[in-house]
Every structure is written in C-alpha cells, then in structure tokens.
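Trainee: I'll drop the sequence and a predicted model, then ask my questions.
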Amino acid sequence: MSKRDDLIKYIIQRVVTYIDEPKEQRSERRLERKHQQRELWLVRWFGLLPFSMKMMAGDWKHAGQPVVKRATRIVDRIRRTGKWGKGKTLS
C-alpha cells in the first residue's frame, strides 16, 4: 500500500513541476535533448567491452560501418591478396 502511495506522490510531484515550469524553459530543454549526441548502440547495449575489442583489433577506422559492408570488404581483401590481416597468409 505504501509503495503505491509513494508512486502516486512522485508522479503528482513530477506533473506539478512540469506544469509550473514556463513554456520557454520546457522547449529549451526539449531542444537540448534533441541536439545532444547519443552514444553508439553497441555501447548502449553491451557496454565498452565490444568497443575496446574493436580498438584492439585495429578496425577502429571502420567501426561505424555496417557489419555486412565491413564483412564484404574483408572478404574482398582476402580474395585479392590471399592474406588475412597483417601479414598472415591463408593456408
């Protein structure tokens, strides 16, 4: 019973502060949130571990490209040179 009352109290406080705030401030805050740079989806979903693994793998330059595009680029490089990565040949 008390959890429900606390939740209702919190919601009412939020609504009242929103209504009491001038319209200009609300629109400014909305514009700030809109122009704020978002973090990558990979970081948001999985943290910094995949990001750090990409940096260590040396594929930092192409980290923002879609996975399919990167995979085709790697396959094309293997077909042309016969090498996988830095100086490692396919056997």
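Mentor: Arrived safely.

Trainee: quick one: mean pLDDT over the helix or strand where residue 31 lies.
Mentor: Element membership of residue 31 [criterion: DSSP states H and E] is helix 23-35. Averaged across helix 23-35, the pLDDT comes to 89.

Trainee: what is the mean pLDDT for the very next helix or strand once past that helix?
Mentor: As assigned by DSSP H and E, the chain's next helix or strand after helix 23-35 is helix 41-46. What helix 41-46 shows for mean pLDDT is 76.

Trainee: and helix 41-46, what other elements does it pack with?
Mentor: helix 49-57 (3 or more Cβ pairs under 8 Å, 6 or more residues apart in numbering; DSSP states H and E). Where C-beta positions appear, they are placed from N, C-alpha and C, glycine not excepted.

Trainee: in this protein, which helix is the longest?
Mentor: Determined from DSSP state H, the single longest helix within the chain is helix 2-20.

Trainee: ok, back up a step: centre of the chain to the helix holding residue 31, how far?
Mentor: 22 Å (Cα atoms, centre = their mean, to the nearest Å).
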